[in-house]
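> this one's structure only:
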């Protein structure tokens, strides 16, 4: 998790409380989506095991490290911003349980992006070192954020079917363009530079021309070769293994109490 | 009416695979601030009812969404099957006289 190593290092108690609230939301969003997936007939434990042994994909962005406090700003602003861009149209997806999960998620996600941008404003208006940190965070998270929309439409394996079934409503490239058009002015307001020398406003199309992310890197990250893949999955496995006695204990307790109740009746 | 996966009647059940240590699935219903009935908001896993309510508090009411929580284990919900909705609801479709607009009342009578 991106926020994991910054909760204990947040610069103020308020920032720490905000980060905890955000993490609690994100855990909730994971639960909504797992519940939606379960309606298709797979059990929670099966899904968890698929994630833990690497059979189930998760968003490529989680495999990038968060090196400085400014990364908490960049993650909220860019990563949650890209997520919102994806999730807003998904509220109208054709699969009911997925749609209902997305409606709940969208209600809560906006706070994440705004708190991230707020951190970026503080850093960008701070000391020269803080501003450098903010610029560095933007440099590192810009392209991974663009990757979050998935490969270009022509290379996307699932897009055509998902569009035909109206599971997704917009193509990856459409949403990526929308994200760039929305985000560039926000970077300008911060006085930061988007790390793309080819970035130009294109009057004719009414949007920015911008450089594609490095798709070789994207597919390497998906294959498990990103900077933090092993670490992230190891942390998930450790939490699952070390939590086993708690899960088993609570279940045993519940069964014992239920049996006692039956015996008393 | 009820099926192996009662809350999700069109979903194949998983009875073939023993669930081992998985916590049961609970459906969560929340009554909002404004006097409305409890409304289904989602589901979660928990070992028992007490923990299900605690988890529902954390998962579904982080922003004052509710004043009352109900939880019920999903396997206890009997559900109609979407594939039977034709015959199930047909009787209500043929009774147009149940709707107020079925009756022509002259304008002279005034609002009714």
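Everything's here; your move. The shown structure was predicted, so the numbers you read here are calculated from the model rather than taken from an experiment.
> and the strands in chain A?
Under the criterion DSSP state E, chain A contains strands at A:200-202, A:207-209.
> just send the ones you listed back as CSV, with mean pLDDT, mean neighbour count and distance to chain B too.
Just so you know, the C-beta spots here come from the backbone N, C-alpha and C atoms, and that holds for glycine as well. Below are the strands of chain A laid out as CSV (pLDDT from 0 to 100; neighbours: other CB atoms under 10 Å in any protein chain shown; distance: least, CB to the nearest CB, whole Å):
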stretch, mean pLDDT, mean neighbour count, distance to chain B
strand A:200-202, 97, 10, 38
strand A:207-209, 98, 15, 35
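> and those: which comes nearest residue A:156?
Residue A:156 lies closest to strand A:207-209 among these, at 19.9 Å (CB to CB).
> what lies in contact with the closest one?
A:177, A:180, A:181, A:184, A:198, A:199, A:200, A:201, A:202 (CB atoms under 8 Å, 6 or more residues apart in numbering or on different chains).
> can you tell me the closest non-neighbouring residue to the fifth one?
The one in question is residue A:198. The shortest distance from residue A:198 to any residue other than its chain neighbours is 4.8 Å, reached at residue A:211 (CB to CB, 6 or more residues apart in numbering or on different chains).
> before we move on, what about the last one?
Nearest-residue entry for residue A:202: residue A:209, 4.9 Å, with adjacent residues in sequence omitted and distances by CB to CB, 6+ apart.
> for residue A:158, see how far away residue A:106 is.
For residue A:106, the distance to residue A:158 (CB to CB, to the nearest Å) stands at 22 Å.
> low-confidence bits of chain B, can you list those?
B:1-20 (pLDDT under 70).
> phi and psi next, for the spatially most central residue of chain B.
Geometric centre of chain B, nearest residue: residue B:40, 5.3 Å, by CA atoms, centre = their mean. Phi and psi for residue B:40, reported as degrees, to the nearest 10, are phi -70, psi 130.
> next up, phi/psi of the residue lying closest to it once chain neighbours are set aside, please.
In this structure, residue B:40 finds its nearest non-sequential neighbour in residue B:29, 5.4 Å apart by CB to CB, 6+ apart. Backbone torsions of residue B:29, given as degrees, to the nearest 10, read phi -120, psi 130.
> show me what residue B:29 is bridged to.
Taking DSSP bridges as the rule, residue B:29 bridges to residue B:40, residue B:70.
> would you confirm that residue A:175 contacts residue A:86?
Yes: counting by CB atoms under 8 Å, residue A:86 is a contact partner of residue A:175 at 6.1 Å.
> any shared contact partners between these two?
residue A:149.
> farthest-separated two in the contacts of strand A:207-209?
The most widely separated members of those, counting by CB to CB, are A:181 and A:198 (15.2 Å).
> for the longest helix that chain A contains, packing partners?
Longest helix in chain A, counting residues (DSSP state H): helix A:96-124. On a contact count with 3 or more CB pairs under 8 Å, 6 or more residues apart in numbering or on different chains; DSSP states H and E, helix A:96-124 meets helix A:13-38, helix A:70-74, helix A:80-90, helix A:128-147, helix A:172-190, strand B:39-45.
> grab the nearest non-local neighbour of residue A:226.
Closest residue to residue A:226 apart from its sequence neighbours, by CB to CB, 6+ apart: residue A:63 at 3.3 Å.
> one step back: the residue nearest to the centre of chain B reaches residue B:26, doesn't it?
No: with contacts counted by CB under 8 Å, residue B:40 stays clear of residue B:26, the gap being 11.4 Å.
> related to what we said a few turns ago, of all the contacts of strand A:207-209, which comes closest to residue B:64?
Nearest member of those to residue B:64, counting by CB to CB, is residue A:181, at 34.8 Å.
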